[in-house]
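Asks: what follows is a predicted protein model with its sequence.
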There are 2 protein chains.
Amino acid sequence: MSEEDQRPPERARRLPRAVRERQILDAAVQVFSRHGYHAASMDEISDVAGVSKPMIYTYLGSKEDLFGACIRREATRLLEAIQAGVQPDLPPDMQLWHGLRSFYRFVAEYRESWTVLHRQALTVGGAFAAEITDMRARAIQLVAALVVSAGTRKGVGEQAEFSGEGLAASLVGGAESLADWALDHPDISDGVLASWLMNLVWLGFNDLIEGAVWKPSE
Amino acid sequence: MSEEDQRPPERARRLPRAVRERQILDAAVQVFSRHGYHAASMDEISDVAGVSKPMIYTYLGSKEDLFGACIRREATRLLEAIQAGVQPDLPPDMQLWHGLRSFYRFVAEYRESWTVLHRQALTVGGAFAAEITDMRARAIQLVAALVVSAGTRKGVGEQAEFSGEGLAASLVGGAESLADWALDHPDISDGVLASWLMNLVWLGFNDLIEGAVWKPSE
DNA sequence: GGGTAATACTACTTGTCAGTAGGTAGGCGG
DNA sequence: CCGCCTACCTACTGACAAGTAGTATTACCC
């Protein structure tokens, strides 16, 4: 009954600030992804991080600041993951294919990041929603540029029934939706997911039911 | 300085319960769609409804009950709107076309309903999220059945690169995403939106850039 | 007109949570 | 070994929001 049976408060290792900030951000992403912004409490985040609440405030600022830091870190991760897989000198369909594969790989590996970015970020209203919406709009315009470049390369200009941005919005949404669906079907690889989507958007149902198949070219 | 200059408290007309319930639900949908479930306060809802807070509790129950009532009413509205436009004896592409048109018409007319169903319902976690997810899953399987029926009609069975459910998930997500996009472009009619999507999913980019166009058959 | 039930309100309790005040402890230069 | 800075904590405050108790008012039927 000396100090032995009293659990030594091992938690109080004095770590450098950078490490603590990482721990806090990791915990915050986890909790925000589970409960959403409003239902997440700073107490729970501090618990999960293994740190007391004032630490969060001294290191990362207010709850909104903390959420913003999460969003920005995860968004950067996502963008870097996608850019790492893209090769700009390939034809449009292959660029899209590689982008999609990287995207699905990221979602599978960092599901919580994806949940925060996709579902929770929009519920905060105000500055962050705008930020996320902007990023998504940029992604859509990137895809739109890809599509339009594919079109003009073949000599097709703007047509009545052909709006690059609308199509790109659908495509991005379809990709996101398939990502959500894939969260419930973890046995399906990123390659297969990307293939499905390429078949859908590049060939269309009409070709698919005729037996056509899109394949990545070597 | 009789009772004339004191604004008569006109608000206190005694209305039948059914009318009040409608007012409350309308207000709730509005407020929930603006702030999301957690950030919405019962006080604000009662304000918007022109009714005091206890009325909400006696008529519609707790905050969660109220939200559930909103979700169910709006979901029913949406489903009815879509079913009203569908004709089951048409070929698959035409069925899809009509369903999409009705969907976009609904979203344009009841944007707040759509926002609550699409964005906010998932942030409550638990029973409602499951309910919404189920409804969406049913929609996806409906579309999947449509796609598969289109496939089998042409004699194409299950292939390696052809998963009806995954494709349907993408399609539904694409349709939703285009609906969101259309909220910022209110000048584009539901017919045009549905056409874009039909061109995308039925023909695919590859056909589109060759100049092909999907048109509803008479 | 008078009773009664539905309609409606004001004013409270209670709990939760963001944010903070003020203090402890371990490393480190001198 | 002594001050001092940084990491870290417990314990609080203040605000806001869900839900309720108790009461007042009017429509409507006989």
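Replies: Yep, it's here.

Asks: interface residues of chain A facing DNA strand D?
Replies: A:11-17, A:20, A:50-55, A:58 (C-beta under 7 Å from any atom of the strand). C-beta here means a position set from N, CA and C on the backbone, and glycine is covered the same way.

Asks: ok, and does the longest helix seen in chain A reach over to DNA strand C?
Replies: The single longest helix within chain A, with elements called by DSSP state H, is helix A:127-153. No. Judged by C-beta under 7 Å from any atom of the strand, helix A:127-153 stays clear of DNA strand C, getting no closer than 14.0 Å.

Asks: list the buried residues in that helix.
Replies: A:128, A:131-132, A:135-137, A:139-140, A:142-144, A:146-148, A:150-151 (16 or more other C-beta atoms under 10 Å in any protein chain shown).

Asks: now stretch A:188-201
Replies: Within stretch A:188-201, judged by 16+ other C-beta under 10 Å, the buried ones are A:188, A:190, A:192-201.

Asks: now, which of those residues sits nearest A:Arg105?
Replies: Lowest distance from A:Arg105 to the buried residues of stretch A:188-201 (C-beta to C-beta) belongs to A:Asp190, with 4.5 Å.

Asks: now do the contacts for that closest one.
Replies: Contacts here follow C-beta atoms under 8 Å, 6 or more residues apart in numbering or on different chains; on that basis A:Asp190 touches A:101-105, A:108.

Asks: check A:Val107 too.
Replies: A:114, A:179, A:182-183.

Asks: for the residue nearest in space to the middle of chain A, phi and psi?
Replies: Taking C-alpha atoms, centre = their mean, the centroid of chain A lies closest to A:Trp114, which sits 3.9 Å from it. A:Trp114 adopts backbone torsions of phi -60, psi -40, taken as degrees, to the nearest 10.

Asks: circling back: who wins for neighbours among the contacts of A:Val107?
Replies: Within these, A:Ala179 tops the neighbour count with 24 neighbours, counted by other C-beta atoms under 10 Å in any protein chain shown.

Asks: correct me, but it touches A:Phe103?
Replies: Yes. Look at A:Ala179 against A:Phe103 with C-beta atoms under 8 Å: they come within range, at 7.1 Å.

Asks: closest one of the buried residues of stretch A:188-201 to B:Ala81?
Replies: Using C-beta to C-beta, those come closest to B:Ala81 at A:Leu200, 25.7 Å.

Asks: do you know the pLDDT at that closest one?
Replies: Looking at A:Leu200, its pLDDT reads 85.

Asks: excluding its backbone neighbours, what's nearest A:Ile24?
Replies: Excluding its sequence neighbours, the residue lying closest to A:Ile24 (C-beta to C-beta, 6 or more residues apart in numbering or on different chains) is A:Ala49, at 4.7 Å.

Asks: which residues does that neighbour contact?
Replies: Taking C-beta under 8 Å, 6+ apart as the test, what A:Ala49 contacts is A:20, A:23-24, A:26-28, A:56.

Asks: low-confidence ranges, chain A, go.
Replies: A:1-12, A:151-162, A:205-206, A:208-213, A:215, A:217-218 (pLDDT under 70).

Asks: need the residues of it near DNA strand C, please.
Replies: Counting by C-beta under 7 Å from any atom of the strand, chain A sits next to DNA strand C at A:12, A:14, A:40-43, A:53-54, A:57, A:62-64.

Asks: can you give me phi and psi for the residue nearest to A:Ile24?
Replies: phi -80, psi -10.

Asks: gap between it and A:Gln95?
Replies: 39 Å (C-beta to C-beta, to the nearest Å).

Asks: repeat for A:Ile140
Replies: 15 Å.

Asks: ok, A:Arg105 next?
Replies: With C-beta to C-beta as the criterion, A:Arg105 and A:Gln95 are 16 Å apart.

Asks: pull out the buried residues from the residues of chain A next to DNA strand D.
Replies: A:20, A:51, A:55.

Asks: which strand or helix spans the first one?
Replies: Looking back up the chat, that one is A:Arg20. helix A:17-39 (DSSP states H and E).

Asks: can you give me the angle that helix makes with helix B:17-39?
Replies: With axes from the mean of the first three to the mean of the last three C-alpha atoms, to 10 degrees defining the directions, helix A:17-39 sits at 180 degrees from helix B:17-39.

Asks: in the helix or strand where A:Glu80 lies, what counts as buried?
Replies: Under the criterion of DSSP H and E, A:Glu80 resides in helix A:63-85. With burial defined by 16+ other C-beta under 10 Å, the residues of helix A:63-85 counted as buried are A:63, A:66-71, A:73-75, A:78, A:81-82, A:85.

Asks: just flag the most distant two among these.
Replies: Within the buried residues of helix A:63-85, A:Lys63 and A:Gly85 form the most distant pair, 34.0 Å apart (C-beta to C-beta).

Asks: please parse chain A into its domains.
Replies: According to automatic domain parsing, chain A is divided into the following domains: A:1-61, A:70-209.

Asks: want to throw the ones you listed into CSV with distance to B:Arg34?
Replies: Conversion of those to CSV gives the following (distance: least, C-beta to C-beta, whole Å):
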stretch, distance to B:Arg34
domain A:1-61, 13
domain A:70-209, 8
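
Asks: which among those domains is found nearest to B:Gln120?
Replies: domain A:70-209 (7.1 Å).

Asks: that closest one: how far from the chain's middle?
Replies: Relative to the centre of its chain, domain A:70-209 is centred 10 Å away, using C-alpha atoms, centre = their mean, to the nearest Å.

Asks: so for the helix or strand where A:Asp180 lies, what gets flagged as buried?
Replies: For A:Asp180, the host element (DSSP H and E) is helix A:164-183. Within helix A:164-183, the residues that qualify as buried are A:164-182, counting by 16+ other C-beta under 10 Å.

Asks: only alpha carbons, please: show that helix as CSV.
Replies: What follows is helix A:164-183 as a C-alpha-only set of coordinates in CSV (Å, rounded to 0.1, in the frame of the first residue of the first chain):
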residue,chain,number,x,y,z
GLY,A,164,-19.2,20.9,-68.9
GLU,A,165,-19.8,22.3,-65.4
GLY,A,166,-23.1,20.6,-64.8
LEU,A,167,-21.7,17.3,-66.0
ALA,A,168,-18.6,17.7,-63.9
ALA,A,169,-20.8,18.4,-60.8
SER,A,170,-22.7,15.2,-61.5
LEU,A,171,-19.5,13.3,-61.9
VAL,A,172,-17.9,14.6,-58.7
GLY,A,173,-21.2,13.9,-56.8
GLY,A,174,-21.3,10.4,-58.3
ALA,A,175,-17.7,9.8,-57.2
GLU,A,176,-18.5,11.0,-53.7
SER,A,177,-21.6,8.9,-53.5
LEU,A,178,-19.8,5.8,-54.6
ALA,A,179,-17.2,6.6,-51.9
ASP,A,180,-19.9,6.6,-49.3
TRP,A,181,-21.3,3.4,-50.7
ALA,A,182,-17.8,1.8,-50.6
LEU,A,183,-17.5,2.6,-46.9
